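Engineer: Pasted the sequence and its predicted model underneath.
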Amino acid sequence: MDEGAKLHIYDPKVLKEQIIQDLSQPSISGDNPRVLELVTVTSDPYEACKSAHALVICTEWDMFKDLAYEKIHNHMLKPAFIFDGRRVLDHLHPQLQSLGFQIETIGKKVTTRLPFTPSGGVPRITLNEPPKKKSKA
């Protein structure tokens, strides 16, 4: 937020007022008017992801395992990132990558990385084939 990042937050359990209060703490921001300007709390996970660069999962709610990630990816800016901070989507990483998501986790290395494409193109990989080796020049 110090650099002007806009946050769209969905939390199925925490009230908007609590989220704003937590983000306004001096150790995080300390600038309540700026927090109110940069933070939008929504009651719909799909709305929170619309036109976003990244989706960050910080809680272990099972409902995050059942979202329509293809729908989410279609409405995000590209490249689209998922930061799975609680590793609740471990079993979905191959499918999410095949949709075009860049996956980052804490405590686990995602073995197959998609090439970063700043132009917004979404490279496709086949999970059944090993990655092609680069030729040495």
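Structural biologist: Alright, I've got the coordinates.

Engineer: need the next SSE after the helix or strand bottoming out on mean pLDDT in the chain, C-terminal direction.
Structural biologist: The weakest-scoring helix or strand in the chain, judged by mean pLDDT, DSSP states H and E, is helix 32-38 (a mean of 84). Later in the chain than helix 32-38, the nearest helix or strand by DSSP states H and E is strand 39-42.

Engineer: and the most centrally placed residue in the chain, what helix or strand is that in?
Structural biologist: Centroid-nearest residue in the chain: residue 55, 1.8 Å away (criterion: C-alpha atoms, centre = their mean). In the assignment (DSSP H and E), residue 55 maps to strand 54-57.

Engineer: buried ones in that strand?
Structural biologist: Neighbour-count burial for strand 54-57 flags 54-55, 57 (criterion: 16 or more other C-beta atoms under 10 Å). In this view, the C-beta of every residue, glycine as well, is placed from N, C-alpha and C.

Engineer: and which of those residues is nearest residue 102?
Structural biologist: Comparing those against residue 102 with C-beta to C-beta places residue 54 closest, at 8.7 Å.

Engineer: was I right about that closest one contacting residue 82?
Structural biologist: Yes - counting by C-beta atoms under 8 Å, residue 54 touches residue 82, with 7.2 Å between them.

Engineer: Which strands or helices does the helix or strand hosting residue 82 pack on?
Structural biologist: Using DSSP H and E, residue 82 sits within strand 81-84. If you count contacts as 3 or more C-beta pairs under 8 Å, 6 or more residues apart in numbering; DSSP states H and E, strand 81-84 packs onto strand 54-57, strand 102-105.

Engineer: In a markdown table, list the ones you listed along with mean pLDDT.
Structural biologist: Converted to a markdown table, the helices and strands packed on strand 81-84 look like this (pLDDT from 0 to 100):
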| stretch | mean pLDDT |
| --- | --- |
| strand 54-57 | 94 |
| strand 102-105 | 92 |
